[in-house]
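Chemist: coordinates only, sequence not included:
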C-alpha cells in the first residue's frame, strides 16, 4: 500500500482542525489505527520509533 | 456534613442509636482488645467469637459513624457476612447490582456487566449505606456474649511488648489501664493506635478530589452505577451516581483544579452542583439533601500491618481510592483473615507463626488494589497531560467504536489470590480454583457449596469419600463435575476464609494432613 493517501488525509484533517485540536485527533488516530493493526508488540514498537528524531532545530 | 440546622447524626431516614459509656469497666486482662467499633472492628470481633474467642471492643464515639460513606459491598464480603452469621438483614435491605453504564458528554459509551452466574449465591455487588452496615453488624455483636463493647471509651496511650500491650483508656467516669495479649487497630484512616505508636502510612496522593453527596429522591432508575465523563454540568470532570436503599442517591462529583474543597463543600454550592447533575440526567423531581463529604484519591499503606502484639486492619493499615470499591471490602477481608488466625493461636490449635502470614497476605491484597485503583484513578482523574489526552481520546473514540468504551470499564476487583503466601501449598491440581484463590461458589442443586463449608478447614473431595480426619477439618464429598469441572479424585483443602490452601488431582490423605499441619504448626 502507498502511504501517500494517508499522508494527504492527515495533512488535510490537521489543517481543517487546527493546532488546538491536533493532539486529540492524532491521539485518537493512533489508538484506532493500532487497534485495527491487531498486533500489540508491533504497535508498541512503532510508537517507540515514532518517539525518536523529534528534536527541533 | 449535613444541611444547616441539622446535627451530625440528624438523618432524614436513619435514627442513630445513643450508646452509654460502661458503668463498670473491668481491668481484667483481655485476650484481644479491638480499637474501633466500625464495620471492620465488629467483623473482627464476630469472627473471633465464631471460633469461641472473647474480645473487648472499644470506641470513642457514642454511636455509629455519621453518613453513608462506604456503600458498595462486594460478593466476597457477603460470604464473610454469611460466615459470621450476620447475613440475613444485609440481604433483606441492600440493593444488588451487576451493571454499570458510562457516558461521555451525555452519550452512553459503555454498558458493562460484572461476572455473575447461576453458580453464584450472591450478586457481584450490593449497595447499602454504611450506617445500616454498622447497625446490622452491631445487632450481631450485641447478641454475642463473647464480645464486650465499651462505647465512649477513648484510647489515650498504648505500651507494647512482644507478649502483649497495655492500653490506657478513658471514659466519662474513669481512666484505667487494660492489658491485652493482642490488639487489633480498627480505628480507621486517622488511627489513634497508629499515631500513638509513631507509625506512618506511605504512598501516593492523587490530584482528584470528589464531593460525595447523598440526596433523597423518589426515582425509578434501576440499581445501575452511572459514570458521567465530561458532563455539561461539570466540564472536564467526572460524576458517579449510585442508588441506595430508602430512595437515597449517592452523587460523587469531581472538583476542578481551581475549586477549593472548603468552597465546594458549602451547602449552597453542594445544592447547586447536585442540581446540575440531576438536570444533566433529566431528573425533574423534588429532592432533599441528606449528607455530604469530601474525598481525595490516595494509595497509602503501612509497610508492616503488624507491630508486635498489634495488628492493623482496615483503613488504619491502608487507604485506597474509591473507584475500585475496595476500602470497606478490603478491610472486611483483613478482619476475617486476622480473626480466624488469632482464634486458632488463642485456642492453642495453631502456633504463633501463623500470624506472620497476615501482612504478606493482606498487604499483598492492598498493593493489588493500588495497582488497579491507580489505573481507575488515572482514567477518572487523569494526573498529567499525557493521561488526560489519551483518556479524552479513548472517550471520544468510544462514541463510535465499542472497543474504546472498554477502556472506561472500571473492572471492580476480584478477591486477591494469596499465591505467594507462606500458607499456600505448591500447586498439584489442574482445574478449578488455584492455591491461594478464593473459591468460586457452586450451585449443587440442593443448595450452594458455600453453605456446606465447615467452620474451620474444609476438604472438598470429588468422587469417593476420603479417609482423612482431623479435629479442625470438615470433609465434603461431591460427585465428579458437581463443581469447577472437577474430575474424579480431585481434592481441595479450603481455609476458614474460603481461600484454597492446596489442591490435588488425586487425593492423598498424607499430603492433605501435611498441608494442614504446615499451616497450624508454625512456631
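Modeler: Received the coordinates, thanks. These numbers come from a predicted model, not from an experiment.

Chemist: tell me the secondary structure for the single nearest residue of chain A relative to chain B?
Modeler: Relative to chain B, the nearest point of chain A is residue A:27 (3.7 Å; Cβ to the nearest Cβ). In short, each C-beta sits where N, CA and C put it, glycine included. Residue A:27 carries the three-state label helix when classified by DSSP: H, G, I helix; E, B strand; the rest coil.

Chemist: show me the contacts for the residue nearest to it when sequence neighbours are not counted.
Modeler: The shortest distance from residue A:27 to any non-neighbouring residue, by Cβ to Cβ, 6 or more residues apart in numbering or on different chains, is to residue B:393 (3.7 Å). Residue B:393 sits next to A:24, A:27-28, A:30-31 when contact means Cβ atoms under 8 Å, 6 or more residues apart in numbering or on different chains.

Chemist: Based on its surroundings, how many neighbours for residue 2?
Modeler: All of this is about chain A. 6 (other Cβ atoms under 10 Å in any protein chain shown).

Chemist: hmm, I had chain B in mind actually
Modeler: Neighbours of residue B:2 under the rule other Cβ under 10 Å: 19.

Chemist: go on, residue B:238?
Modeler: By the other Cβ under 10 Å criterion, the neighbourhood of residue B:238 contains 22 residues.

Chemist: Could you check how far it is from residue A:25?
Modeler: 23 Å (Cβ to Cβ, to the nearest Å).

Chemist: Also residue B:21?
Modeler: In this view, residue B:21 and residue A:25 are 65 Å apart by Cβ to Cβ.

Chemist: Confirm for me that residue B:64 is in contact with residue B:17.
Modeler: Yes - the pair residue B:64 / residue B:17 is scored as a contact, 7.4 Å apart, by Cβ atoms under 8 Å.

Chemist: For these two, indicate the residue with more neighbours.
Modeler: A direct count of neighbours by other Cβ under 10 Å for residue B:64 and residue B:17 places residue B:64 higher, at 24 against 13.

Chemist: Without its sequence neighbours, what residue ends up closest to residue B:232?
Modeler: residue B:280 (6.0 Å).

Chemist: Ok, residue B:293 next?
Modeler: With sequence-adjacent residues excluded and distances taken as Cβ to Cβ, 6+ apart, residue B:293 is closest to residue B:212, at 5.4 Å.

Chemist: For that neighbour, which three-state class applies?
Modeler: Secondary structure, three-state DSSP: residue B:212 is strand.

Chemist: Indicate the residue of the stretch 401-523 of chain B located nearest to chain A.
Modeler: For the stretch 401-523 of chain B, the nearest residue to chain A under the criterion Cβ to the nearest Cβ is residue B:403, separated by 5.9 Å.

Chemist: Let me see the ranges of the strands in the stretch 1-150 of chain B.
Modeler: Secondary structure of the stretch 1-150 of chain B by DSSP state E, counting those that start in this stretch: the strands cover B:30-35, B:55-58, B:72-74, B:95-97, B:99-104, B:107-113, B:125-127, B:147-150.

Chemist: what does the second one rub up against?
Modeler: In other words, strand B:55-58. When contacts are defined by Cβ under 8 Å, 6+ apart, strand B:55-58 is touched by residues B:30-37, B:41-42, B:44-45, B:48-49, B:141, B:146-150, B:153, B:155, B:169, B:178, B:180, B:184.

Chemist: now the first one
Modeler: Counting by Cβ under 8 Å, 6+ apart, strand B:30-35 makes contact with B:41, B:44-45, B:48, B:53-59, B:155, B:165, B:167, B:178-187, B:192-193, B:342, B:346, all of which sit outside it.
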